[in-house]
Every structure is written in C-alpha cells, then in structure tokens.
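# Curious how this folds, go ahead:
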Amino acid sequence: MKPKLIGITGGIGSGKSTVSDILKHLGYKIYNSDLRAKELIRGSVIKDKLVNAFGDRILKNDKLDKKLLSEIIFENKSALKNINSIIHPEVKKDFKNWVKNNSKNKTLFKESALLFESGTYNDLDKIILIIADKDLRISRVLERDKNRSKKEIESIINNQISEKEAIKCADVIIENNQKKMLLPKVIKELEKL
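Predicted coordinates for the structure are as follows:
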C-alpha cells in the first residue's frame, strides 16, 4: 500500500520546521525540500544548468556563489522563475526516490516553503499550512538568521504565496502564534488526518 503523503508549508518564520521537528519526535519521516535542494545544488547537474542559464559570474572558486544568486533572485522575478524551473524538477525526482525508499511507512511528510509555488502540492494527499503574524515571523527570522536584514526578510515574504491564497489550498491550518503550545495543536490535527 502506498504511504499517505502530507505536505507541511508556511511562509518564512511561520514555524514549519518546528512542526516538522515535533513530527520527527513522534516517529514520522520528514523530507525537507529546502535542505535537499541545498544538497542537490552542490551536485554538478543543477550547478551546470544554473551556469548555463546565468553564466560563469555565479561561480566563485568553481562553486556556486549563493550570495550572488540570492541577489539575482530578489532583484529579478524572472530569474527566480528560471532558477526554480531548474531546481524544482530535480527536487521532485529526489522526493519520488525518497518516497520509494520509505514506502513501508504509513504516512510520510514533505516540508517545503514553496509547496504551492512549485506546484508539488498536487502530488500530495493533504497539506498542513503553518501560519503566524507577519511581525512575529520577521522577528523569528531576524533572531535565527543573524546575517539577514529586515528588508531582505520582507522581500522573501513578498515573493512567497500570500497567506490568504495558501489558506485556500490547505487542508489543515495550524496557527503558530506563541499564545498556545504548538505540540497539542499538532497532535490534534494529526488525529484528523
């Protein structure tokens, strides 16, 4: 029997990784798209395609200059689409292999910031959306990522799907507002799935 595939998504700083950590502690397997994408980018397939699209200027000592790539992405939306069209298919293939290798599990989770933007939510059975107040999200990211400015974080938020749009596509919504403990909310929603 095929495992049930459940997506976990939310904007930057919403707490999707925290929810994933809770699920891991409960014994579930989690595929982290963002971490896997970073690992896959180090491979020659994606690197070669990115160099083909943007030229040698994105290389520094024969490695991708992630800072320059980030600048290109946030200054140019078509560059972001181009980069995503290179990376998302590779991550999708990698996820399919991961599912195959973990097919004995009844339920598998896929954490991804760009679940809706990449269209990969279509391959999943259910979607859990983590939401939080924008100011709280910004303060969490400023605390977590010391090298990011408030302006950069706001730019990332503006490039992600709006919360209103994401809510329309989600099956389960978990508010991570720090007013109520997250663990009981996650367990309660898991029972519904």
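
# max-length helix in the chain?
Across the chain, the longest stretch assigned as helix under DSSP state H is helix 77-101.

# could you give the mean pLDDT of the next helix or strand after that one?
Going down the chain from helix 77-101, the next helix or strand is strand 107-111, by DSSP states H and E. Along strand 107-111, the predicted local confidence has a mean pLDDT of 96.

# so what secondary structure elements neighbour strand 107-111?
Counting contacts by 3 or more CB pairs under 8 Å, 6 or more residues apart in numbering; DSSP states H and E, strand 107-111 packs against strand 4-9, helix 16-25, strand 29-32, helix 33-41. C-beta here means a position set from N, CA and C on the backbone, and glycine is covered the same way.

# right, so those: which one is the most enclosed?
The densest packing among the helices and strands packed on strand 107-111, expressed as mean neighbour count by mean count of other CB atoms under 10 Å, is seen in strand 4-9 with a mean of 23.

# Look up which residues are beta-bridged to residue 31.
In this structure, residue 31 has beta-bridge partners residue 110, where bridges are defined by DSSP bridges.

# what about it, distance to residue 46?
17 Å (CB to CB, to the nearest Å).

# And for residue 102?
For residue 102, the distance to residue 46 (CB to CB) stands at 23 Å.

# Could you check which of the two is surrounded by more residues?
For residue 102 versus residue 46, the count of surrounding residues by other CB atoms under 10 Å is larger for residue 46: 19 against 12.

# I'd like the next helix or strand past the helix or strand where residue 130 lies.
Applying DSSP H and E as the criterion places residue 130 in strand 126-131. Moving toward the C-terminus from strand 126-131, the first helix or strand encountered (DSSP H and E) is helix 134-144.

# tell me what that next one is packed against?
In this structure, helix 134-144 makes packing contacts with helix 150-159, judged by 3+ CB pairs under 8 Å, 6+ apart.

# So for the following helix or strand past the helix it packs on, mean pLDDT?
For helix 150-159, the following helix or strand on the C-terminal side (DSSP H and E) is helix 163-169. Mean pLDDT, helix 163-169: 90.

# Just the buried residues of helix 163-169, please?
By neighbour count on 16 or more other CB atoms under 10 Å, the buried set for helix 163-169 is 163, 166.

# Need the residues that contact that helix.
Identification of contacts with helix 163-169 by CB atoms under 8 Å, 6 or more residues apart in numbering yields 9, 10, 11, 116, 121, 127, 129, 131, 173.
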